[in-house]
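*Asks:* I would like the atomic coordinates for the input below:
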Amino acid sequence: MIKVVLIDDEKNALEMLEWQLQTYCPQVEIVALANTADKGIDAIQRHTPQLIFLDIEMPKKNGFEVLQAFASPSFDVIFTTAYDQFALKAFRFAALDYLLKPIDAGDLVNALKRYERKVQGNFKQQLDILMQQYQHPGTQPEKISFATQQAVHFVKPETILYGESDGNYTTLFFLDNTKLMVSKTLKEVEEVLVPYQFLRIHNSFLINLKHVSRYIKADGGSVEMVGGAQLPISRQRKDAVMQILNV
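*Replies:* Below you'll find the model as predicted:
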């Protein structure tokens, strides 16, 4: 059984989440419910849960202040939030899980499945990235978190040459000739990397514009990246790519 604590100042949301977990997630044991941040901190200290569901916006203390009460958290977190799409970018940067309110039962079940197959990452470093985005929205963190099947990796975007789609995964290729398969679709990677001057040139390729060495006109158009990789430009995206590359 997965020991779980639920923390949310909204009574209806707390009771609904409790009911959904009891109904759809039999692997979960709810050991405490808390409707304030301080009660949540106390519940975590008393019950040492493996996982907490944590609301962000609460009176007096928010969800981040709950986490700051623990120097080295021994639990995982699934955030529950009513944030808009812009603010959710922070969670993507940090590769942390979240559920949008009102919580859909299918999304909840999938979040538990992701937790069960997750390899423990550096939660503190992921939280630091999230806090930076929360406190300074619109800024780009120096490093971004990418989860693989084995670990969570912290990557400087400027070291990425390009990404290539591989079904529900994406392979990232780096300046040092290494590569990394991450547990995100290319579309999800694109949403995170666009602020760092990345451009989708094809259904299968996302490139770092800083590392384009030349544009090749032959065969419908392609770009050559630093290091020599040549990547095709799709017909639908060609005009936009040429305009951005000023060719």
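*Asks:* what are the ranges of the helices in this structure?
*Replies:* With helices called from DSSP state H, the chain shows them at 11-24, 37-47, 63-68, 85-94, 105-117, 123-135, 186-193, 238-245.
*Asks:* where does pLDDT dip in the protein?
*Replies:* Scanning the chain for pLDDT under 70 picks out 83-96, 117-127, 129-139.
*Asks:* how is it partitioned into domains?
*Replies:* Split into domains by automatic domain parsing, the chain comes to 2-135, 146-245.
*Asks:* centroid-wise, who is the farthest residue in the chain?
*Replies:* Distance from the centre of the chain peaks at Ala218, with 37.7 Å (Cα atoms, centre = their mean).
*Asks:* how far away is that one from Tyr162?
*Replies:* Distance of Ala218 to Tyr162, computed by Cβ to Cβ, to the nearest Å: 20 Å. The way it works is simple: take the backbone N, C-alpha and C, and place the C-beta from them, glycine included.
*Asks:* if I pick Ile201, what's in contact with it?
*Replies:* Contact partners of Ile201, counting by Cβ atoms under 8 Å, 6 or more residues apart in numbering, are 207, 223, 231-234, 237, 241.
*Asks:* with respect to Pro141, which of these is nearest?
*Replies:* Of all those, Pro141 sits closest to Ile207, with 20.8 Å by Cβ to Cβ.
*Asks:* so that closest one touches Glu224, yeah?
*Replies:* No. The pair Ile207 / Glu224 is not scored as a contact, 10.4 Å apart, by Cβ atoms under 8 Å.
*Asks:* so between these two, which is more surrounded?
*Replies:* When neighbours are counted by other Cβ atoms under 10 Å, Ile207 comes out ahead of the other of Ile207 and Glu224, with 25 against 14.
*Asks:* which non-adjacent residue is nearest the more buried one?
*Replies:* Take Ile207 and drop its neighbours on the chain: the residue closest to it by Cβ to Cβ, 6 or more residues apart in numbering is Tyr162, 4.5 Å away.
*Asks:* neighbours of that neighbour, just the number please.
*Replies:* 23.
*Asks:* cool, and Val192?
*Replies:* Neighbourhood size, Val192 [other Cβ under 10 Å]: 19.
*Asks:* distance check, it against Gln230.
*Replies:* Distance from Val192 to Gln230, by Cβ to Cβ: 25 Å.
*Asks:* among the helices of the chain, which comes closest to Phe146?
*Replies:* Closest approach to Phe146 among the helices of the chain is made by helix 186-193 (8.0 Å; Cβ to Cβ).
*Asks:* what's Ala43 in contact with, if anything?
*Replies:* Ala43 is in contact with 5, 7, 31-34, 49, counting by Cβ under 8 Å, 6+ apart.
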